[in-house]
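Enquirer: Test case, fold it:
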Amino acid sequence: MIEQRLSEQRGQGNHGWLNSYHTFSFAGYWDPKQTGFSDLLVINDDRVAPSRGFGAHAHNNMEIISYVLEGALAHKDSMGTGSVIVPGDVQLMSAGAGVTHSEFNHSTRDGVHFLQIWIVPDEKNTTPGYQQVSVPDSEKRGQLRLIVSPDGSNGALRVRQDVKIYAGLFDGDEQQTFALGQNRYAYIHVARGSVNINGIAFTAGDGARVRDEASLTFSGGDQAEVLLFDLRPLEVNHP
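Expert: Numbering: from 1, shown residues only. As a prediction, this is how the structure comes out:
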C-alpha cells in the first residue's frame, strides 16, 4: 500500500528569512496524524535567505541529516567541526549526549535550499559525532544510491538506527525497480521534479508511506530527485 501525501498537505512556516515545509509535525505545525513514520521523525524542506540561518542551538539523542539541493550551507558545531556543504553533499550529525550547532546560508547573494531530516537513534546518550560525504550525480543517475546505512557500507554515512536512505535522479527513460525487504516499511520523498512510482504520479514535495509492497518502480521522471527511506515496520506515535 502506497499512502500518498501531496506537497500542499504539508505544514508550513514562513518566517521571511526562512520558508519551511514540514512533512511531519514540527515547531508550530502540529497534526496528530503526522508525527513521523517508524524511526523517521522529521523532513523539513527549508529555503534560507542569503547570510541568514539557524544560530547556535542544542540537540540531543537525534540523528540529524542535511541534504543540500541548491546553494551552500555552512555548518559549525561544539565538536569543532566547520564545513560548507553543497549539492551532492550529505551531512550527518549524531547529537548523542548533546551537541550545539549552527547552520547558515554561506552566500551573501543566493538562497540555499536543503532538506533537514531527523532519525530517532537506537541508543541514547552516546558520544556525539559528525560525518559528511559527497555523492556525484553519476552515482545517482537512473538508480537509487545508498547514502546512509547502519554499517556505513559502500561509502554511506553510518546512522545509529536500522534505517537505510537512498538518493536517486530520474529523467526520461531512466527506470529502476527497488525490491523492499520482507516485513519492511518505506517512505518516499520527492525533493524536486516529477516521477511515477508504481504508476502513481509524484511531484516536488510529495511523499508517501509505504507498507506491504514487494517493490517500487521509479519511471517517467522529469528532472526528479528522490529520497527513499527503508525503515523498520513500526507504527509509532511520536510525542
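Enquirer: Next, find the distance separating the residue nearest the centre of the chain from residue 65.
Expert: For the chain, the residue nearest the mean C-alpha position is residue 117 (4.3 Å; CA atoms, centre = their mean). Residue 117 sits 4 Å away from residue 65, going by CB to CB, to the nearest Å. Every C-beta, even on glycine, is put in place using the N, C-alpha and C of the backbone.
Enquirer: quick one: common contacting residues for those two?
Expert: Here residue 117 and residue 65 have residue 165 as joint contacts, going by CB atoms under 8 Å, 6 or more residues apart in numbering.
Enquirer: Just to check, residue 181 is in contact with residue 232?
Expert: No: using CB atoms under 8 Å, residue 181 is not in contact with residue 232; the gap is 10.3 Å.
Enquirer: Which one's more surrounded, the two?
Expert: More crowded of residue 181 and residue 232, by other CB atoms under 10 Å: residue 232, with 15 against 11.
Enquirer: Could you list the buried residues of stretch 126-135?
Expert: Judged by neighbour count using 16 or more other CB atoms under 10 Å, the buried positions of stretch 126-135 are 128-131, 133, 135.
Enquirer: Same check on stretch 185-198?
Expert: Buried residues in stretch 185-198, defined by neighbour count with 16+ other CB under 10 Å: 185-197.
Enquirer: which helices and strands does the helix or strand containing residue 167 pack with?
Expert: Using DSSP states H and E, residue 167 sits in strand 164-170. In terms of contacts (3 or more CB pairs under 8 Å, 6 or more residues apart in numbering; DSSP states H and E), strand 164-170 is packed against strand 144-149, strand 176-179, strand 215-231.
Enquirer: rewinding a little: quick check: bridge partners of the residue nearest to the centre of the chain?
Expert: Bridge pairing for residue 117 (DSSP bridges) gives the partners residue 43, residue 65.
Enquirer: before we move on, what about residue 133?
Expert: Note on residue 133: beta-bridge partners by DSSP bridges are residue 90.
Enquirer: How about the contacts made by it?
Expert: Residue 133 neighbours (CB under 8 Å, 6+ apart): 89-90, 147, 155-157.
Enquirer: And the pLDDT at it?
Expert: pLDDT recorded at residue 133 is 96.
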